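Q: This is the structure alone, sequence omitted:
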């Protein structure tokens, strides 16, 4: 599945907004593959598998930079070229 990191905690876990899913999925920093928890940012695109955890579905095998996942939109700056030209 694909999604984006919605919330990170200072306790080593977070939540992923999964594409097409009504509820966010819990994930633990230990379930990351090829990344460190401290390097994650809210809005990062991720891919993952889902397993049933103690408290319901949880994301596992979480990989940052998922193909096809859409990261959270950055504020649009349609005048970026104009701003550079004016400088």
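A: Structure's in. What do you need? Computed from a prediction, not measured in an experiment: that's the story for all the values here. Numbering: from 1, shown residues only.
Q: can you map out the strands along this protein?
A: Along the chain, the segments classed as strands by DSSP state E run 2-8, 13-18, 25-28, 45-53, 56-64.
Q: For the fourth one, which outside residues touch it?
A: Strand 45-53 has contacts (C-beta atoms under 8 Å, 6 or more residues apart in numbering) with 1-5, 16, 18, 25-27, 31, 57-67, 69-71. All C-beta atoms are positioned from the backbone trio N, CA, C, and that covers glycine.
Q: which residues touch residue 41?
A: Residue 41 neighbours (C-beta under 8 Å, 6+ apart): 5, 8.
Q: how near is it to residue 8?
A: 8 Å (C-beta to C-beta, to the nearest Å).
Q: for this protein, which spans come out with low pLDDT?
A: Residue ranges of the chain with pLDDT under 70: 66-87.
Q: returning to that earlier point: a markdown table for the strands of the chain, including distance to residue 37 and mean neighbour count?
A: Supplementary listing: those in a markdown table, determined by distance: least, C-beta to C-beta, whole Å; neighbours: other C-beta atoms under 10 Å:
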| stretch | distance to residue 37 | mean neighbour count |
| --- | --- | --- |
| strand 2-8 | 8 | 18 |
| strand 13-18 | 8 | 20 |
| strand 25-28 | 9 | 20 |
| strand 45-53 | 12 | 16 |
| strand 56-64 | 10 | 18 |
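Q: Residue 35 is nearest to which of the ones you listed?
A: strand 56-64 (4.7 Å; C-beta to C-beta).
Q: Tell me which other helices or strands the closest one touches.
A: strand 13-18, strand 25-28, strand 45-53 (3 or more C-beta pairs under 8 Å, 6 or more residues apart in numbering; DSSP states H and E).
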